[in-house]
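Visitor: pasting the structure only:
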Ligand code: BGC
């Protein structure tokens with residue numbers, strides 16, 4: 001069942017039924033100011049950091065779900081409705097929510113009155129704009145009152161939801177004209193405040209929640225709205241809100257727009273006040289002046305759309321498969337940008353309080369947005385590298401605001417260091433900017449311990465070889481990519497964190513996954529050393545990669561597939577010898593991607609085993625059979641009921657690893673089948689089963705051992721976005737940046753017989769046509785560049801030129 005449809009021309013998903021199977025959200029903002037907005041206008045807004053600088057309140061896991069957001073109420077003769085249906089849930093004549101790139105337009109028509117809310121964060125602006133357009137589509141004059149509502153959060157979202165003995169006495173506001181200033185804690189150490197303003201003269205306002213809503217009422221029936229009158233309340237302590245009201249009369253056919261701005265303003269520490277207790281409003285006045293008129297709002301929205309048009313023009317495909325095209329050209333890239341901005345911090349599954357930026361997560365995310373914003377990717381790489389320790393290990397997470405490593409979680413995840421090499425390689429391949437390797441970067445954020453980025457990468461590489469176990473495989477530490485495989489943890493008490501309990505290292509437990517990853521990134525590290533003239537280092541690295549390959553082919557091979565790991569007793573995990581968890585997806589994907597066993601057929605065998613033992617109609621499960629009981633020696637993985645999360649769930653993140661691995665062995669039909677199974681656009685028709693947004697990937701889909709097989713959770717902030725884009729753009733469609741130029745080497749299913757890709761790369765624009773009428777799956781028979789047939793290989797860039805590339809597969 002569908003709850004809407006894609007509009008590829010406008011790059012929107014159009015939701016036509018407010019009761020979606022789960023709130024279907026969108027993100028507003030691209031740099032400093034952000035909002036999460038659901039299809040019923042739920043959500044919240046923050047500046048830079050979802051925990052520390054949250055402007056509006058949101059209650060996770062609330063009843064009913066998704067209550068609280070930016071709400072507009074319309075009261076016409078006692079009939080109250082909202083453009084986004086919630087919270088009043090009035091019967092509507094029409095409802096629609098269009099989620100676009102960085103904006104959402106939500107509208108309803110009730111009793112002949114159309115109310116349309118357009119919400120977005122203009123470029124380079126620390127505010128969200130909400131334009132309300134009201135149209136009288138009836139044949140009678142209408143008079144009604146429009147109310148706005150936001151509930152202010154007391155900045156630190158963690159504090160806001162816990163420290164009530166303090167918070168209920170700190171709230172402060174000012175109101176001048178149509179502008180409400182939220183200034184809690186400004187009197188002491190803050191130098192910033194929030195502003196909520198309307199561009200027209202208002203008839204009333206409220207800033208005290210209890211007065212506006214009523215102690216025993218809810219968002220759905222606020223006293224002031226039901227009585228159709230603001231009380232002009234001034235909050236003092238308790239819970240400050242922002243609400244305006246305006247009485248409007250519209251003739252039949254008449255339209256009126258009002259602009260509401262919710263923003264963040266900062267003053268210099270020594271220029272905080274205008275007068276005693278009166279905040280300096282200069283930054284607010286400057287901000288609000290930019291969005292006074294409908295024309296200003298229209299042009300800011302047009303600029304935002306143009307920004308996205310330009311961004312997405314870097315990579316676009318045209319094929320016979322419209323679902324493929326819309327994911328590649330629009331939604332997958334959009335989601336990659338959202339993961340760049342949010343990492344794993346704020347979504348409807350991530351509370352914005354818990355996790356900052358992951359070392360591993362952010363390094364992987366680079367794969368998905370490096371072509372869109374290479375300069376910001378460069379900065380991100382240097383930030384991540386600065387949280388690395390001198391011995392090559394790394395803080396598992398860091399805080400976006402301070403950019404410092406997070407001591408609560410610490411280090412010890414032994415795959416983390418290698419992801420840095422992965423990210424840097426992707427950056428250099430995209431930009432050709434080798435100078436990044438010479439950048440001086442601190443260790444542990446300590447400037448006195450700075451060295452070049454290349455030295456950081458050496459420490460990453462050596463961290464693996466310095467920490468080998470009994471089978472000469474890498475020690476796993478706290479965990480590898482699978483955060484839930486905690487082989488040194490042995491936790492027996494509820495509440496202990498699987499990720500931080502126990503020793504951060506153990507001398508026995510080993511990871512075949514890290515081994516595969518080491519072999520996969522090895523060639524990049526070697527190439528970087530060669531480029532910098534470190535030939536001995538390159539040679540030594542090549543030998544280490546060869547040794548690791550041998551260790552995998554011996555201790556890491558189980559007969560039909562690659563072993564997953566060895567536990568702290570040196571017992572195999574992911575082997576036919578095991579009772580449960582006999583086979584895991586991760587080493588099959590990564591070892592084959594690394595090329596291990598390609599020559600002797602083991603790679604193919606491993607992928608056949610994936611198909612035989614792990615595949616389902618909704619995607620490939622992480623392991624099988626799922627663990628049915630808690631295993632002390634395995635940790636969190638066995639804490640989940642069978643079929644969920646890392647215990648037999650379809651962890652979408654590593655399905656593309658298998659799809660890429662399939663392209664390595666040349667099976668284009670299977671690679672595309674794997675791609676399609678978890679790809680949201682192909683799941684739109686079963687939205688009632690899948691439940692999360694059909695335009696973005698989710699972290700997990702319940703596996704076949706789960707009760708709700710096929711149901712997805714944790715949409716938006718997942719490495720799946722980057723990995724699927726990496727897969728489809730570079731391996732399936734085959735347009736791959738490389739150190740010496742652009743390589744075109746597709747691996748296609750038989751039903752894609754032809755496609756074109758436009759790719760901007762290092763100043764050139766490549767118009768690439770691929771002819772697969774031979775249904776070859778893999779292999780380039782002819783490569784024609786700018787009219788000349790050339791040998792297969794990287795196409796060097798010229799700079800600022802349009803290039804014509806034709807590839808004939810065969
Ligand atoms: C984490 C990743 C991890 C994955 C698998 C995600 O929630 O963000 O870092 O690799 O789970 O455990």
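Guide: All right, it came through fine. Since the model is a prediction, treat every value here as computed from it, not as a measurement.

Visitor: contacts, neighbours, all on C-alpha from now
Guide: OK.

Visitor: so what's residue 402 scoring on pLDDT?
Guide: For residue 402, the model assigns a pLDDT of 84.

Visitor: give the contact list for the residue in the stretch 651-800 of the chain that the ligand sits nearest to.
Guide: Residue of the stretch 651-800 of the chain nearest the ligand, by C-alpha to the nearest ligand atom: residue 718 (6.7 Å). Counting by C-alpha atoms under 8 Å, 6 or more residues apart in numbering, residue 718 touches 339, 343, 344, 653, 697, 698, 699.

Visitor: which one of those has the most neighbours?
Guide: The residue in the contacts of residue 718 with the most neighbours, by other C-alpha atoms under 10 Å, is residue 697 (29 neighbours).

Visitor: hang on, isn't that residue packed against residue 720?
Guide: Yes: taking contacts as C-alpha atoms under 8 Å, residue 697 lies within contact range of residue 720: 6.6 Å.

Visitor: how about the secondary structure of the residue most central in space within the chain?
Guide: Nearest to the mean C-alpha position of the chain, counting by C-alpha atoms, centre = their mean, stands residue 339 at 2.6 Å. What DSSP: H, G, I helix; E, B strand; the rest coil gives for residue 339 is helix.

Visitor: quick check, it in contact with residue 720.
Guide: No: shown here, residue 339 and residue 720 do not form a contact pair, counting by C-alpha under 8 Å, at 9.9 Å.

Visitor: which ones are touching the residue nearest to the centre of the chain?
Guide: 365, 716, 717, 718, 719, 721.

Visitor: just the element for the residue in the stretch 1-150 of the chain positioned nearest to the ligand, please.
Guide: Proximity of the stretch 1-150 of the chain to the ligand (C-alpha to the nearest ligand atom) peaks at residue 50, 16.8 Å away. For residue 50, there is no host helix or strand (DSSP states H and E).

Visitor: before we move on, what about residue 74?
Guide: strand 71-76.

Visitor: report all helices and strands that that strand contacts.
Guide: If contacts are counted by 3 or more C-alpha pairs under 8 Å, 6 or more residues apart in numbering; DSSP states H and E, strand 71-76 sits against strand 79-81, strand 142-155, helix 223-226.

Visitor: ok, and what's touching that strand?
Guide: With C-alpha under 8 Å, 6+ apart, strand 71-76 has contacts from 41-42, 80-83, 87, 142-150, 225-226, 228.

Visitor: again, 6 Å this time
Guide: Residues outside strand 71-76 that contact it (C-alpha atoms under 6 Å, 6 or more residues apart in numbering): 80, 81, 82, 144, 145, 146, 147, 148, 149.

Visitor: how about the nearest residue to residue 365, chain neighbours excluded?
Guide: Leaving aside its chain neighbours, residue 365 sits nearest to residue 722 (5.3 Å; criterion: C-alpha to C-alpha, 6 or more residues apart in numbering).

Visitor: quick one, what contacts that neighbour?
Guide: Contacts of residue 722 (C-alpha under 6 Å, 6+ apart): 336, 365, 367, 368.

Visitor: in helices, which of the residues you listed fall?
Guide: 336, 365, 367, 368 (DSSP state H).

Visitor: farthest pair within the residues you listed?
Guide: With distances taken as C-alpha to C-alpha, the most widely separated pair in the ones in helices among the contacts of residue 722 is 336 and 367, at 8.7 Å.

Visitor: looking at those two, which is more packed in?
Guide: More neighbours surround residue 336 than the other of residue 336 and residue 367, with 30 against 26 (other C-alpha under 10 Å).

Visitor: for that one, give me its contacts.
Guide: 368, 369, 721, 722.

Visitor: that'll do, ta.
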